[in-house]
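A.B. asks: Quick one, what's the 3D model for this:
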Amino acid sequence: MRVRAPAGRTRLSAAACAILAALAAGPAAGGQDAPPVLEHRDAEELLGGSVFSMDGTEVGEVSSVALKPDGTVSEIRITVGRLLGVGEKVVIVPLGTYMLVRGAIILELSPSQVRQLPSAAPGAPG
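C.D. replies: Residues are numbered from 1 along each chain as shown. Next up, the predicted model:
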């Protein structure tokens with residue numbers, strides 16, 4: 001099952017960004033070893049949510065979340081490089097390099113590592 005983001009975008013306050021950056025910098029911020037399990041409505045709440053790099057920089061937004069029948073996340077796609085629509089691409093977040101925090105995703109990747117992720121092929125989730 002794939003859930004797609006609506007056209008709108010979720011914005012977080014500066015305080016929320018600071019909290020997310022602190023969480024990402026902390027020793028317990030390691031990526032999740034196993035994919036998270038979400039209910040359909042929780043996956044929908046992620047759509048359009050902010051994606052932050054390990055230094056707290058917002059690097060994109062969640063464009064789709066694919067779930068297996070048991071609710072295990074099989075794939076998260078994010079839109080990155082959104083500067084006036086130029087250079088925008090959709091990438092798949094590598095398993096084990098992210099954590100979910102209250103409607104946002106924190107990556108264990110730097111902004112440059114995120115930019116270097118290959119574009120996702122359009123079509124069915126993995």
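A.B. asks: make it CA atoms for all contacts and neighbour counts henceforth
C.D. replies: Noted.
A.B. asks: secondary structure element for the closest residue to residue 80 other than its chain neighbours?
C.D. replies: Nearest non-adjacent residue to residue 80, counting by Cα to Cα, 6 or more residues apart in numbering: residue 60, 4.5 Å away. Secondary structure assigned from DSSP states H and E places residue 60 in strand 58-67.
A.B. asks: which element follows that strand toward the C-terminus?
C.D. replies: From strand 58-67, the next helix or strand downstream (DSSP H and E) is strand 73-80.
A.B. asks: elements contacting that next one?
C.D. replies: strand 58-67, strand 89-92 (3 or more Cα pairs under 8 Å, 6 or more residues apart in numbering; DSSP states H and E).
A.B. asks: Buried residues in the helix or strand just after the last one, which are they?
C.D. replies: Tracing the chain past strand 89-92, the next element assigned as helix or strand by DSSP H and E is strand 98-101. Neighbour counts over strand 98-101 (16 or more other Cα atoms under 10 Å) mark 98, 99 as buried.
A.B. asks: Name every strand pairing with the helix or strand that comes right after strand 98-101 and say which way it goes.
C.D. replies: Heading C-terminal from strand 98-101, the first helix or strand you meet, by DSSP H and E, is strand 104-107. Here strand 104-107 has these sheet partners by DSSP bridges: strand 50-52 (parallel), strand 98-101 (antiparallel).
A.B. asks: I'd like to know how far residue 107 sits from residue 122.
C.D. replies: 22 Å (Cα to Cα, to the nearest Å).
A.B. asks: likewise residue 53?
C.D. replies: 24 Å.
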